[in-house]
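S.K.: generate coordinates for the sequence data below:
(chains A and B)
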Amino acid sequence: MGRYVARRLLQMIPVFFGATMLIFLMVNVMGDPIAGLCGERACDTATAAQLKREFGLDKPLWQQYATYMGNVFTGDFGTAFNGQPVTELMSTAFPVTIRLTIVAIVFELVIGIVLGVVTGLRRGRPVDTTVLLGTLVVISVPTFVTGLLLQLLLGVKWAWIRPSVPPEASFDELVVPGLVLASVSLAYVTRLTRTSIAENRRADYVRTAIAKGLPRRRVVVRHLLRNSLIPVVTFIGTDIGALMGGAIVTERIFNIHGVGYQLYQGILRQNTQTVVGFVTVLVLVFLVANLLVDLLYAVLDPRIRYA
Amino acid sequence: MRGGTRVTWALGVVAAVLPLAACGSGTGAAGGSVLSSSWGDPQNPLEPANTNEVQGGKVLDMVFRGLKRYDPRTGKAENMLAERIDSPDSQNYTITVKNGWKFSNGEPVTAKSFVDAWNYGASLKNNQKNAYFFGYIEGYDKVHPESGRQTADTLSGLRVTGPRTFTVRLNQKFSSFPDTLGYAAFAPLPRAFFTHHAAWLDKPVGNGPYTIESYTKGAQMYLKKWDGYPGPDKARNDGVTLMVYTDNNTAYTDVLAGNLDLVDDIPASQLKNVKSDLNGRYINTPAGIIQTIAFPYYDKAWDTDGARKVRTGLSMAINRAQITKTLFRGTRTPATDWTSPVLGTDGGFKAGLCGRACEYHPAEARKLVQEGGGLPGGQVRITYNADMGSHKEWVDAVCNSINNALGNDRACVGNPVGTFADFRNQISQHKMTGPFRAGWQMDYPLIQNFLQPLYYTNASSNDGKWSDKRFDGLVDRANAETDKARAIGLFQEAEGVVRDNMAAIPLWYQNGSAGYTDRLHDVALNPFSVPVYDEIKVG
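M.R.: Have a look, this model is predicted:
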C-alpha cells in the first residue's frame, strides 16, 4: 500500500510539470498581455517596456517558466495586473469554490445515489421510467439554461432566494447554485448507480445474503450498495476536479466570486500569473482526487489490493 | 415500499433547504439611505494616474475632486478646487487653489498636493498608465523618456510658488489645457499616498464627497457620505455600496428582484424588455463615446488616392440608421461627425459635418468603390475582439449592409480575435491588413480630445498611423489659439480634413444606459456614462 502510494505520487511529478508547462505555453501564445492594459490605446513605449521588465515578460519563455516554477515552490504565485498577489486571490476564491463543490457533491451523493438505488431495485416500474426520463432531460439541458431558469423562477418570480450570491457565499446561499452545478453529474450518478445495482442484484453473494435471512435493508446497504459503488466513486472523484474548474458558467450566472470567476477574468485580461497559478492548483486537486479514488477502491472491494 | 419513502425523504431535504437559502444576509440593499450599485473589478490599482477605465473611474469620481469638474449635465469644465487659472500666453499658467479644502483624513489640500501628485503620475518609475496626460508639461521628456532611464524625478515645468499657488509651464501652446484638468489623473493626493502607499491602495483617501469605509478587493466597496465635505456637491444619500458583478445579466436580474438598486450598462439582450421590466426606471443618455472603423495606413494598399474613394464608398454602404435601430434599440445614434453630441454645439459638435459620406447611398457606394479600384485584395475583413460588448453582432450587421450595397456576398467579412489583449497586441504591432474596430471614449469633453489623440501624426491612439500635414497644422494652430470659438473653428476645419480623406469611418455615438429600483430618485448618467452618485436620493 505504502509503496503504491509512493509510486503514484512520483508519477504525479511529470504530469504536474507537463500540465503547467502546457498552460504556460497556451497563455503565452495569446500574445503580449501588456497590450490590453491601456484600454483602447497603445501603452506608451517606456511604460510598456518597464511593465514587461517588472513582470519578467522580456525574458525568453523557458526562462519565464523556470523562474515561475522556482517561485511557485517557495509559495509565490506572482502578482496579478491589478497589484494583488495571486495567493491573495486564491485565498478568497478557493474557499468559495470548495464550499460550492461540497454542496454539489452532497447533492450528487444524496440525491444521485438514493435515486439510483431506488430505480435499480425497481427496474421497469413507473418510478424507474419517470426518474430515467428526468435524468435524460437534465442531461440534455445545458447548465446555463437550468441556472438562468431557476434564478428567474426562484429569485425574481417567487422571490425565495436572492438571484445572486453575496460575497461571503455561505453554505445556505450556495444551495441553488450547487444544485445547478451538480445537476448534470447528478443525473449521471443516478444512472451509474442504477445500472450497477441492477447488475449486482442478480449476483450470487446477494442471493446468499438473502438466503441467510438477512434483513432487506442490510442486504441492500452492506452488500449490494457497497459493491455497486465502485464506478460511482470513480465518477465522483474525477468530478471534483471538473466541478471546481468547470464552475465558470454557474459562478457567472449567480455572481459567485470563486475560481471560475478568477480564471475567466484572468483569461480575458490575459493575466498569465493568475491563470497559470489557478490551473496549477486545479491540476493538483485533480491528481490528489484521482489518487484518493484509487485508494477508496481497496476500501470498497477487499479483493483489490495495492502492492 | 422502502425505496419509495426514501425518494420522498430526499425531496423533503431539498424542500426544507430551499427556503433556508432565502434567509441569506442582505448585503445588497443595505438599510438607511444607502444604495447599492453594480460594479466591475478595476483592472489597475486605484491610483488616479493609473486608472484608465470606467470601473476604477467610478470610484475616483466619488472619492476625488480636482481643479475642475465637468458638469454632469452639460459636460462644461467648471472650477472646483481652482480659484483662478491665469495665463498670459496659453503656455505659462498660474493656478490658485481655493482655501478651505481638505482630504478626508484632515490634511489640507494645497498647491503641493497637486504638484506632488502630478510629478508622481508623470514619473516613469511609477508605471502610471495615464502618464502621457502630463506630456504637455515642460520636462516630461526628462521624467518619462521614450527609452532609457529617466534623468529627472520631477517635472521642471511645475513650481510651487505659495501655499495655494503653483505655476505650470507647458512645452507648447495649449489653450484648452485648463479644461483638461477635470480628468481624474490630475487629482490632488494626500501625503499618506506617498508615505504609506500599500495601506493607501487598500483604502484610498481623497477629497471627494464620499470616503471609502470598507473595500474587499474583487467583491465590494462601501463608500460613506463624508459629512465634512466642503464642496458644493455634497452627497444626497448616506452612502453607496459598489458590488462587483462578473455578468451584467446577473446585476440586471438582481435589480428586478430588488436586491440591487442600480445597474449601469444594461445588457444588450435585455434592451427589448427593459422598459416594461423596470416600469420606465431606465435611462439612456448620450455618452462621450464614438465607434469608428479605422484603417491600417502602414499597409500600402490602404494609403492610396483610390483607397480614399473606397473608404468613402464603404462608409456610404453602411446603413447606420437601420443597425442602430434594430440591433442597438436606440442605445446608439448614427454618427454624422467625428466627435460626440455631449460636447454640445458650443463645444465643437457639428451634426452633419460628414455630409453625404455618412449617409446610406448604396448605388453611389458601389460607384465610388469601383472608381477607387475596387476593394484592396478583393475583400475587406473587419477585425474586432469577440470577448466583450456585442462587437460580433454589429460587425456582422455592417458587413451584411456592405455586401448588400456592393452586390457581392464576399465583399466584407468579420475577422474575430479572441481577447481584447490580443486585439490590442495585433494593432500595436501593426499587423492589421484591413479595417478594424476602433472605439473612443473621451477623457475630457473637448473637441481636441476627439481629434488629436486619434488622427495627429504618431499620436497615442492613432492606431492606423494616419498622417496628414494639413490636419496637424490646423490642430497646432487650434491649440495655440486663445479665443475659444476660433480654436473650435480650427478644430472643425481639421475635422474636415479627416472627412475629406475618410481617415476613419464614423459609425455611431454610444449612449450610456442604466436601470434602477423604485427606491431611487434623481438618477442620471454623466457624459462619461458613470452614474452621478452624489445626486441620487434614496427612499
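
S.K.: does stretch B:290-307 come close to chain A?
M.R.: No: on the criterion C-beta under 8 Å from any C-beta of the partner chain, stretch B:290-307 is out of touch with chain A, staying 10.3 Å away. To be clear about C-beta, it is placed using only N, CA and C from the backbone, and glycine gets the same treatment.

S.K.: any stretches of chain A with poor pLDDT?
M.R.: Along chain A, segments meeting pLDDT under 70 span A:307.

S.K.: now do the end-to-end distance for stretch B:383-402.
M.R.: 15 Å (C-alpha to C-alpha, to the nearest Å).

S.K.: can you list contacts of that stretch?
M.R.: Under the criterion C-beta atoms under 8 Å, 6 or more residues apart in numbering or on different chains, residues A:268, B:268, B:293, B:314, B:317-319, B:322-323, B:327-328, B:360, B:380, B:382, B:411-420, B:422-423, B:426, B:432, B:434-437, B:507 lie in contact with stretch B:383-402.

S.K.: now chain A against chain B: closest residue?
M.R.: A:G36 (2.8 Å; C-beta to the nearest C-beta).

S.K.: in this structure that residue contacts B:I427, no?
M.R.: No: at 10.7 Å, A:G36 does not count as touching B:I427 under the criterion of C-beta atoms under 8 Å.

S.K.: around chain A, pick out the residues from the stretch 201-350 of chain B.
M.R.: Residues of the stretch 201-350 of chain B lying near chain A (C-beta under 8 Å from any C-beta): B:201, B:216-220, B:243-247, B:249-251, B:253-254, B:256-257, B:259-260.

S.K.: show me the residues you listed that map onto helices.
M.R.: Under the assignment DSSP state H, those contribute B:L201, B:N249, B:T250, B:A251, B:T253, B:D254, B:L256 to helices.

S.K.: count the neighbours of the nearest residue to the first one once chain neighbours are set aside for me.
M.R.: Think B:L201. Of all residues not flanking B:L201 in the chain, B:P45 sits nearest, at 5.4 Å (C-beta to C-beta, 6 or more residues apart in numbering or on different chains). Counted with other C-beta atoms under 10 Å in any protein chain shown, the neighbours of B:P45 add up to 19.

S.K.: got it, and A:I139?
M.R.: Neighbour tally, A:I139, other C-beta under 10 Å: 15.

S.K.: element containing it, please.
M.R.: helix A:126-140 (DSSP states H and E).

S.K.: and the next element down the chain from that helix?
M.R.: helix A:143-150.

S.K.: next SSE after that following helix?
M.R.: As assigned by DSSP H and E, the chain's next helix or strand after helix A:143-150 is helix A:175-200.

S.K.: by contact count, what packs against that next one?
M.R.: helix A:86-107, helix A:114-121, helix A:126-140, helix A:143-150, helix A:226-245, helix A:248-253, helix B:2-21 (3 or more C-beta pairs under 8 Å, 6 or more residues apart in numbering or on different chains; DSSP states H and E).

S.K.: so the next helix-or-strand element following it, near chain B or not?
M.R.: Using DSSP H and E, the helix or strand that follows helix A:175-200 in sequence is helix A:204-211. No: using C-beta under 8 Å from any C-beta, helix A:204-211 stays clear of chain B, coming no nearer than 14.7 Å.

S.K.: and the next helix or strand along the chain from helix A:204-211, anywhere near chain B?
M.R.: Going down the chain from helix A:204-211, the next helix or strand is helix A:216-218, by DSSP H and E. Yes: using C-beta under 8 Å from any C-beta, we find that helix A:216-218 touches chain B at A:R216, A:R217.

S.K.: list the contacts of A:V293.
M.R.: Listed by C-beta under 8 Å, 6+ apart, the contact partners of A:V293 are A:V233, A:T234, A:G237, A:T238.

S.K.: only the buried subset of those, as a ChimeraX command please.
M.R.: In ChimeraX, this line selects whichever of the contacts of A:V293 come out buried by 16 or more other C-beta atoms under 10 Å in any protein chain shown:
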select /A:233,234,237
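
S.K.: now the contacts of A:V293 as TSV including distance to chain B?
M.R.: Output for the contacts of A:V293, formatted as TSV (distance: C-beta to the nearest C-beta, whole Å):
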residue	distance to chain B
A:V233	20
A:T234	23
A:G237	22
A:T238	24
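
S.K.: excluding its backbone neighbours, what's nearest B:A351?
M.R.: Of all residues not flanking B:A351 in the chain, B:T336 sits nearest, at 5.2 Å (C-beta to C-beta, 6+ apart).

S.K.: how many neighbours does the residue in the stretch 101-250 of chain B positioned nearest to chain A have?
M.R.: Residue nearest to chain A within the stretch 101-250 of chain B: B:A219 (3.7 Å; C-beta to the nearest C-beta). Other residues within reach of B:A219, judged by other C-beta under 10 Å, total 20.

S.K.: next one: the one 10 residues further on
M.R.: A total of 20 residues lie near B:Y229 under the criterion other C-beta under 10 Å.

S.K.: which ones are touching it?
M.R.: So B:Y229 contacts B:S104, B:G208, B:P209, B:A235 (C-beta under 8 Å, 6+ apart).

S.K.: the second one against B:R65, yeah?
M.R.: Yes: with contacts counted by C-beta under 8 Å, B:G208 reaches B:R65, the gap being 5.0 Å.

S.K.: between these two, point out the one with more neighbours.
M.R.: Neighbours were counted for B:G208 and for B:R65 using other C-beta under 10 Å; B:G208 has more, 26 against 23.

S.K.: I'd like the distance between that one and B:K537.
M.R.: 19 Å (C-beta to C-beta, to the nearest Å).

S.K.: what of B:S147?
M.R.: Distance from B:S147 to B:K537, by C-beta to C-beta: 52 Å.

S.K.: B:G496 now?
M.R.: On the measure of C-beta to C-beta, B:G496 and B:K537 end up 45 Å apart.

S.K.: who has more neighbours out of the two?
M.R.: Set B:G496 next to B:K537 and count neighbours by other C-beta under 10 Å: B:G496 wins out with 19 against 13.

S.K.: okay, that one: pLDDT?
M.R.: If you check B:G496, the pLDDT there is 96.

S.K.: wait, what's in contact with it?
M.R.: Contact analysis of B:G496 by C-beta under 8 Å, 6+ apart lists B:L353.

S.K.: next helix or strand past the helix or strand hosting it?
M.R.: For B:G496, the host element (DSSP H and E) is helix B:484-501. As assigned by DSSP H and E, the chain's next helix or strand after helix B:484-501 is strand B:504-516.

S.K.: is that next one positioned near chain A?
M.R.: No: judged by C-beta under 8 Å from any C-beta, strand B:504-516 and chain A are separated, with a smallest distance of 12.3 Å.

S.K.: since we're on the closest residue to A:R41 other than its chain neighbours, how many residues are nearby?
M.R.: Leaving aside its chain neighbours, A:R41 sits nearest to B:S461 (3.9 Å; criterion: C-beta to C-beta, 6+ apart). Counted with other C-beta under 10 Å, the neighbours of B:S461 add up to 19.

S.K.: what do you get for B:G378?
M.R.: Other residues close to B:G378 by other C-beta under 10 Å number 9.

S.K.: which residue does chain B bring closest to chain A?
M.R.: B:A421 (2.8 Å).

S.K.: now that residue: how far from A:Y264?
M.R.: 14 Å.

S.K.: so between these two, which is more surrounded?
M.R.: Shown here are B:A421 and A:Y264; by other C-beta under 10 Å, B:A421 has more neighbours (24 against 17).

S.K.: who's in contact with the spatially closest residue to that one that is not a sequence neighbour?
M.R.: Distance criterion C-beta to C-beta, 6+ apart; nearest residue to B:A421, sequence neighbours excluded, is A:G36 at 2.8 Å. The neighbours of A:G36, taking C-beta under 8 Å, 6+ apart as the test, are A:R269, A:Q270, B:T419, B:F420, B:A421, B:D422, B:F423, B:R424, B:N425.
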